[in-house]
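Undergrad: Provide a 3D model corresponding to the input given below.
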Amino acid sequence: MAAIREPWGLSVLGAGSVSAEPRLALVDLAVDLVAPTPKVAFAEAGAAVARLRETLREHGIPDADVSGSRLRLTSQYSGYGAERTFLGYSCEAKYTVQTEALDRIELLIEDAVTAGANRVDDVRFEVRDKPAMRDEARRRAVEAARRKAEVYAEACGVDLGAVIHIQDVNPESVGGHGRSASRADHEYEGTLSPGSVRVDAAVLLGFALAPAGSATAQDADSEDADRGDDDPGAGAPEDTGQGGTDPEDTV
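TA: Next comes the predicted model:
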């Protein structure tokens, strides 16, 4: 029988998720051309980049929403060893385009490819305030863990105590639940249907345990003590109208 690794109380794992409609798309494009000389490669790639930039502006995308790299030149070969053949010089420039026009994303890609972006590396759908979504997912993970702990405690006939351990868990390590927080939860209805953006969280909580009824008794004692502090007459002898005479002194 496997030993209990954490015999100090109850340890439970909780997972939570939040989904929202995407508000923007990120499209990774690249201009990647091969020419016989570096001069020709730079010239052809530069012309394609200029056409691509102009096309993006025509779609209403400002330069600030386009992040790109400088032109990168490398030698290209095919084959290996003695059969290795020089193909030319590859000139590459990568761009990430951000747009909120989700209903025109396919047309944007088509026009970008026509302009000279001969490679589409990725299309991602995102939301603006993902940190707030992640915070809510973590709250839901805590709620799920607490509900699970309450069920276990009730089934075992003990009271659930305070939280004495909190451990953040990578949601992707939770079998069947975690998904990459940076990816959209695609439910494709067309070529590029955005679906929804889902953010996951998971947490491991450790609870102290107490015998059944002990928590209720402690709460009752605490309430009695609080009432005693609020009542200035609490604990004083009752006035019987006899001047406080001891019964042993009466005849």
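Undergrad: after the helix or strand of the chain with the lowest mean pLDDT comes which helix or strand?
TA: Every helix and strand of the chain was ranked by mean pLDDT, DSSP states H and E. The lowest is strand 184-185, at a mean of 40. Using DSSP states H and E, the helix or strand that follows strand 184-185 in sequence is strand 196-211.
Undergrad: So in that sheet, which strands flank that next one, and in what orientation?
TA: Note on strand 196-211: by DSSP bridges, its sheet partners are strand 10-20 (antiparallel), strand 158-169 (antiparallel), strand 184-185 (antiparallel).
Undergrad: want to throw those strands into TSV with distance to A30 and mean neighbour count?
TA: Any C-beta I mention is one placed from the backbone N, CA and C, and that applies to glycine too. Output for the strands paired with strand 196-211, formatted as TSV (distance: least, CB to CB, whole Å; neighbours: other CB atoms under 10 Å):
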stretch	distance to A30	mean neighbour count
strand 10-20	29	19
strand 158-169	36	14
strand 184-185	21	19
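Undergrad: Quick one: closest of those strands to A137.
TA: strand 10-20 (4.6 Å; CB to CB).
Undergrad: what's downstream of that closest one, the next helix or strand?
TA: Immediately after strand 10-20, counting by DSSP H and E, sits strand 24-35.
Undergrad: Just the mean pLDDT for that following strand, thanks.
TA: Computed over strand 24-35, the mean pLDDT rounds to 94.
Undergrad: What ranges in the stretch 101-250 of the chain fall below the confidence cut-off?
TA: Scanning the stretch 101-250 of the chain for pLDDT under 70 picks out 175-194, 214-250.
Undergrad: Please repeat the previous calculation with a cut-off of 50.
TA: By pLDDT under 50, the low-scoring segments of the stretch 101-250 of the chain are 176-191, 217, 220, 233-250.
Undergrad: Quick one: the strands in the stretch 51-200 of the chain, in order.
TA: 66-68, 72-78, 85-99, 119-126, 158-169, 184-185, 196-211 (DSSP state E, counting those that start in this stretch).
Undergrad: Next, count neighbours for the closest residue to Q98 other than its chain neighbours.
TA: Closest residue in space to Q98, ignoring its immediate chain neighbours: D65 at 4.3 Å, by CB to CB, 6 or more residues apart in numbering. Neighbourhood size, D65 [other CB atoms under 10 Å]: 15.
Undergrad: Check the contact between A101 and L56; I expect there is one.
TA: No. Counting by CB atoms under 8 Å, A101 does not reach L56; the two are 11.5 Å apart.
Undergrad: intersection of neighbour lists for those two?
TA: L108 (CB atoms under 8 Å, 6 or more residues apart in numbering).
Undergrad: Pick out whichever of those two has more residues nearby.
TA: L56 (24 against 13).
Undergrad: which ones are touching the more buried one?
TA: V66, V97, L108, A112.
Undergrad: again, but for A141
TA: G14, A15, G16, A201, A202, V203.
Undergrad: Repeat the analysis, applying 10 Å as the threshold.
TA: By CB atoms under 10 Å, 6 or more residues apart in numbering, the contact list for A141 reads 13-17, 168-169, 171, 174, 200-205.
Undergrad: and what of E54?
TA: Taking CB under 10 Å, 6+ apart as the criterion, E54 is in contact with A115.
Undergrad: got a pLDDT number for it?
TA: 95.
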